[in-house]
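Asks: Fold the following and give me the result.
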Amino acid sequence: MQGILYFVPTPVGNLEDMTFRAIKILKEADYILCEDTRTSGVLLKHFEISKPLKSYHLHNEHQSTQKIIDDLMNGQRIAMITDAGTPGISDPGYLLAKACADNDIQMICLPGATAFVPALVVSGLPNHDFYFAGFLPQKKGRQTKLKQLAEEKKTIVLYESPHKINTTLEQIQEFFGENTRISLSREISKKFEETKRGTIAELIAFSKSKTLKGEIVLVINNSI
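Replies: Below is the predicted model of the structure:
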């Protein structure tokens, strides 16, 4: 019989966000795929999970995927986690999911932690129709992408790193307009979780007034 690939979400902050089912699946897997074995090792040790770990990240996924498919075809049960959140959502996972679909291998994704959903819910902005854009391009194509997003007449959700947040907010002001309302959430589910809401000008002033840390989720009201 063929095996099963499990995509297992892990906490984006508070370890208590780990589900009982996620722990059970990880304990039953033949081995666990992870971005960074050191980061995942801390999480797994906390929940007393002792399984072989194999690195699977953006720099080796093309070379590693076929071996994983072979293992699945031979009946192994494999779990995939990332450093935080749900695999495949702005993290490795798509390439392996596509390979499993192409080979008709069963996949199960457990529901669980992901950063953008809490940020969208608490933004107070329309969430019935939204566009999740993940991270913007690092360099080339960044402004082109923002221009495209400005044409989407729905709520826009972005991820951003602390060292680029000021530039990104200024670019949002340029392409979306002075009166755009926006919500900024950071350190989701952690001790210093914070959400700031207001106009783009107010968010620029807020961001420049302090040193922001942790992954940031931006929710932009661009709906009609």
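Asks: Just the strands from this protein, written as ranges.
Replies: Along the chain, counting by DSSP state E, strands occupy 4-7, 31-34, 53-55, 77-80, 106-109, 130-135, 155-160, 181-186, 194-199, 216-220.
Asks: Now for Leu110: which residues touch it?
Replies: Taking Cβ atoms under 8 Å, 6 or more residues apart in numbering as the criterion, Leu110 is in contact with Tyr6, Phe7, Val8, Pro9, Thr19, Arg21, Ala22, Ile25. The way it works is simple: take the backbone N, C-alpha and C, and place the C-beta from them, glycine included.
Asks: quick check: domain ranges of the chain?
Replies: For the chain, the TED database gives the domain ranges 4-109, 115-221.
Asks: ok, and what's touching stretch 120-129?
Replies: 130, 154-155, 157, 181, 183, 185, 195, 197, 217, 219-221, 223.
Asks: again, only using 10 Å
Replies: Outside stretch 120-129, the residues within contact range by Cβ atoms under 10 Å, 6 or more residues apart in numbering are 117, 130, 132, 152-157, 181-185, 188, 193, 195, 197, 217-224.
Asks: Is there a quick ChimeraX command that grabs whichever of those are buried?
Replies: With 16 or more other Cβ atoms under 10 Å as the criterion, this ChimeraX line picks the buried residues out of these:
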select :117,130,154,155,156,157,181,182,183,184,185,188,195,197,217,218,219,220,221,222,223
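Asks: ok so, going back, would you turn the domains of the chain into CSV with mean pLDDT?
Replies: Formatted as CSV, the domains of the chain follow (pLDDT from 0 to 100):
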stretch, mean pLDDT
domain 4-109, 96
domain 115-221, 95
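Asks: roughly how far apart are the residue nearest to Lys154 when sequence neighbours are not counted and Val157?
Replies: Spatial nearest neighbour of Lys154, excluding adjacent residues (Cβ to Cβ, 6 or more residues apart in numbering): Asp129 at 4.6 Å. To Val157, Asp129 is 12 Å away according to Cβ to Cβ, to the nearest Å.
Asks: now the helices for the protein?
Replies: Using DSSP state H, the helices of the chain run over 20-28, 37-46, 61-73, 94-102, 116-122, 142-150, 165-176, 200-208.
Asks: closest one to Leu53 among the ones you listed?
Replies: helix 37-46 (4.6 Å; Cβ to Cβ).
Asks: and of the helices of the chain, who's closest to Gly13?
Replies: Nearest of these (Cβ to Cβ): helix 116-122, 9.9 Å.
Asks: Name the residues of the closest one that are buried.
Replies: Phe116, Val117, Pro118, Ala119, Leu120, Val122.
Asks: what's the answer for stretch 136-148, then?
Replies: For stretch 136-148, by 16+ other Cβ under 10 Å, it's Leu136, Lys145, Leu146.
Asks: same question, stretch 28-40
Replies: Buried, per 16+ other Cβ under 10 Å, within stretch 28-40: Ala29, Ile32, Leu33, Cys34, Glu35, Ser40.
Asks: Show me what Thr195 is bridged to.
Replies: Ser185 (DSSP bridges).
Asks: Just to check, it is in contact with Ala119?
Replies: Yes: using Cβ atoms under 10 Å, Thr195 is in contact with Ala119, at 7.2 Å.
Asks: wait, what's in contact with Pro111?
Replies: If you count contacts by Cβ under 10 Å, 6+ apart, then Pro111 has Pro9, Thr19, Arg21, Ala22, Thr86 around it.
Asks: Kindly report the same for Leu212.
Replies: Glu160, Ser161, Pro162, His163, Ile165, Asn166, Leu184, Arg186, Glu187, Glu194, Lys196, Phe206.
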